[in-house]
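J.: any chance you could fold what I've pasted below:
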Amino acid sequence: MNEKGLPDKAYDNAEFLISPEARTIRILSEYLEPETRLDRLKVNNTILFLGSSKADSEDPKSPLHKYYWEAEELACRLAKWAIPLKPKGKNFVICTGAGPGIMEAANRGAARAGGKTIGMNISLPLEQRPNPYISHELAFVFHYFFMRKFWLISRARAVIAFPGGYGTLDEFFETMTLIQTGKIARDEVVVLLYGEEYWRKVLNFEALMKYGTISPEDAELFTYCSDVGEAFAFLKKRLLKFCKRSD
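T.: Alright, predicted model coming up:
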């Protein structure tokens, strides 16, 4: 009952909306609300940064310390380059999973460049706090991992995977699977593994090819890079073709 003593309308019934029976409505909301907001703010496409939440910005002895600052610098350069691009709307907006570490670094770099920057957070038992560099109007929080991952990749024209753990590997391999199976066209997204030394130790693509579980062409779906300047030049060259399509 509401304050007037009348029954609640279904869409005002909080008890119903959090029930198992209303799961479909909650999932649909996590699809429609981000779509509506991104369209209203004219976010045409994004550059997605993946990487460890444990990357430390302050401790030079941390093995991931340099990657934090390289992610920050790369995001800054990309955002500064993208801000004046046409057509109307926001192109190549820096997007992350909203947490600390590499995610914070990328949002921080984009903010330093004066760009808008997206954070797509997830509610967890141990709550992940969004980092402070996300643009307020582009801060999202999801309950469902699969809806969050959909929106992380949905408008991405580039995916840059910095060193990371389970979450980074999950998001990277899901992206690879979507491209390999044609759910995302191979020429619609650029994939960069940043930190070649790390990735070659962690992922043995040669062994996958040896055992026949991937083809040699599948190992060409991504590019290694370990230098901010080289990564920026490579991405800028590859991303410009998407601008030409929109002219």
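J.: bridged to the most centrally placed residue in the chain, which residues?
T.: The centre of the chain sits closest to Leu48, judged by C-alpha atoms, centre = their mean, with a distance of 3.6 Å. With DSSP bridges as the criterion, Leu48 is bridged to Cys95, Val159.
J.: and the next element down the chain from the helix or strand hosting Met209?
T.: Met209 is part of helix 205-210, with elements assigned from DSSP states H and E. Later in the chain than helix 205-210, the nearest helix or strand by DSSP H and E is strand 223-225.
J.: check which helices and strands the helix or strand following that next one sits against.
T.: Reading on from strand 223-225 to the C-terminus, the next helix or strand found by DSSP H and E is helix 228-246. On a contact count with 3 or more C-beta pairs under 8 Å, 6 or more residues apart in numbering; DSSP states H and E, helix 228-246 meets helix 65-82, strand 156-161, strand 190-194, strand 223-225. (Each C-beta comes from the backbone N, C-alpha and C, glycine too.)
J.: what's the average pLDDT for helix 228-246?
T.: Helix 228-246 carries an average pLDDT of 86.
J.: report the angle between it and helix 65-82.
T.: Using axes from the mean of the first three to the mean of the last three C-alpha atoms, to 10 degrees, one finds that helix 228-246 and helix 65-82 are set 30 degrees apart in direction.
J.: name the residues of helix 228-246 that come out as buried.
T.: By 16 or more other C-beta atoms under 10 Å, the buried positions in helix 228-246 come out as Val228, Ala231, Phe232, Phe234, Leu235, Arg238, Leu239, Phe242, Cys243.
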